[in-house]
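[1] Sequence first, then the predicted structure, then my questions.
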Amino acid sequence: MLKGKTALVTGSTSGIGLAIARALAKDGANLMINGFGDKDAIEKERAGLEKDFGIKARYSPADMTKPNEIADMVRATEKEFGSLDVLVNNAGIQHVANIEDFPTEKWDAIIAINLSSSFHTIHAAIPGMKRRKWGRIINIASAHGLVASAQKVAYVAAKHGIVGLTKVVAIEAANNGVTCNAICPGWVLTPLVEQQINARAKTAGKTFDQAKVELVSEKQPMHEFTKPENIGALAVFLASDAAESITGSAYSIDGGWVAQ
């Protein structure tokens, strides 16, 4: 469905972002990936995308806290591939603390990367999408874009902001062939979360599976993590022609978290 289209996925050198990039590539999209990490590991992933799916993939090291670098990344994508058709805003960081203990620099960094960077990518990408009368913007929010948890003040604020940003962009672009939607995952079994479960299991003297169920059931009625590949599949659907009239929506993929 996406053959001949180009996608830019921020924060896509690992985890959810990489799974989304792979799903879009499998559907035929050329890719600009972005994120931090070991240079050789990133190159291995980039080359793997080309080899596995027969598409073109490039890498941008743009710092998502710097608007000028973000704008340059969008321009580089359009220059390299001729267009930017699917924009996935996935880059994000986290810090956990009570609000009175929350470092102001952590607040600023989380808002910059988790919220402001999405404004800057959309600001740079949407003029071309409107000119071409086709575009898909997919913002990776969170269950925390719809409900709150303690000790995550910056993350919750940013993800609520992402849902609001999504709605405004959807309204403004409604008659230009451009849609904008948010995906709101709950617990996702990434390598980082696996580390948390292993640490929890070791501290409590329990098995990995026991610790996993305890962790996920604190929020979700469904005692299973969402797979990154599932989020990638949802992104592919939202980028498809079948979703051409779906816009301004926040899609929960959270094992029933926000249904409670």
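    Perfect, thanks for sending it. Numbering: from 1, shown residues only.
[2] Going along the chain, name the strands of this protein.
    6-9, 30-34, 57-60, 86-89, 135-140, 178-185, 250-253 (DSSP state E).
[3] give the contact list for Asp72.
    Contact analysis of Asp72 by Cβ atoms under 8 Å, 6 or more residues apart in numbering lists Ala62. Bear in mind the C-beta positions are built from the backbone N, C-alpha and C, glycine included.
[4] Correction: the previous question concerned Glu45.
    Per Cβ under 8 Å, 6+ apart, neighbours of Glu45: Thr13, Ser14, Leu18, Ile33.
[5] returning to that earlier point: want to throw the strands of the chain into a markdown table with distance to Glu69 and mean neighbour count?
    As requested, those are exported to a markdown table (distance: least, Cβ to Cβ, whole Å; neighbours: other Cβ atoms under 10 Å):
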| stretch | distance to Glu69 | mean neighbour count |
| --- | --- | --- |
| strand 6-9 | 13 | 29 |
| strand 30-34 | 10 | 27 |
| strand 57-60 | 8 | 20 |
| strand 86-89 | 15 | 30 |
| strand 135-140 | 19 | 27 |
| strand 178-185 | 22 | 26 |
| strand 250-253 | 28 | 19 |
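[6] Pipe those strands into TSV and attach distance to Ala239 per row.
    Output for the strands of the chain, formatted as TSV (distance: least, Cβ to Cβ, whole Å):
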stretch	distance to Ala239
strand 6-9	7
strand 30-34	12
strand 57-60	16
strand 86-89	5
strand 135-140	4
strand 178-185	9
strand 250-253	13
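[7] I'd like those as JSON lines, with distance to Gly48 and mean pLDDT appended.
    Below are the strands of the chain laid out as JSON lines (distance: least, Cβ to Cβ, whole Å; pLDDT from 0 to 100):
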{"stretch": "strand 6-9", "distance to Gly48": "15", "mean pLDDT": "98"}
{"stretch": "strand 30-34", "distance to Gly48": "11", "mean pLDDT": "98"}
{"stretch": "strand 57-60", "distance to Gly48": "9", "mean pLDDT": "98"}
{"stretch": "strand 86-89", "distance to Gly48": "18", "mean pLDDT": "98"}
{"stretch": "strand 135-140", "distance to Gly48": "22", "mean pLDDT": "98"}
{"stretch": "strand 178-185", "distance to Gly48": "24", "mean pLDDT": "98"}
{"stretch": "strand 250-253", "distance to Gly48": "25", "mean pLDDT": "98"}
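[8] Verify the contact between Lys106 and Ile99 for me.
    No: the pair Lys106 / Ile99 is not scored as a contact, 11.3 Å apart, by Cβ atoms under 8 Å.
[9] who has more neighbours, these two?
    When Lys106 and Ile99 are compared for neighbours, Lys106 comes out ahead with 17 against 11, by other Cβ atoms under 10 Å.
[10] Not counting its neighbours along the chain, what's nearest the more buried one?
    His95 (4.3 Å; Cβ to Cβ, 6 or more residues apart in numbering).
[11] and if you look at Ala170?
    With Cβ to Cβ, 6+ apart as the measure, Gly248 is the residue that lies nearest to Ala170, at 3.3 Å, once sequence neighbours are left out.
[12] list the contacts for that neighbour?
    Per Cβ under 8 Å, 6+ apart, neighbours of Gly248: Thr166, Lys167, Ala170, Ile171, Cys180, Asn181.
[13] surely the last one meets Asn139?
    Yes: counting by Cβ under 8 Å, a contact exists between Asn181 and Asn139, whose distance comes to 7.3 Å.
[14] shared neighbours of the two, anything?
    With Cβ under 8 Å, 6+ apart as the test, Asn181 and Asn139 both reach Thr166.
[15] what's around Gly17, how many residues?
    Quick note: Gly17 (other Cβ under 10 Å) scores 25 neighbours.
[16] Next one, pLDDT for Leu192 please.
    According to the prediction, Leu192 has pLDDT 75.
[17] Tell me the spacing between it and Ala199.
    Distance of Leu192 to Ala199, computed by Cβ to Cβ, to the nearest Å: 11 Å.
[18] What ranges does this structure have for its helices?
    Ranges of helices within the chain are 15-26, 39-53, 67-81, 104-111, 117-132, 153-172, 191-204, 208-217, 228-239, based on DSSP state H.
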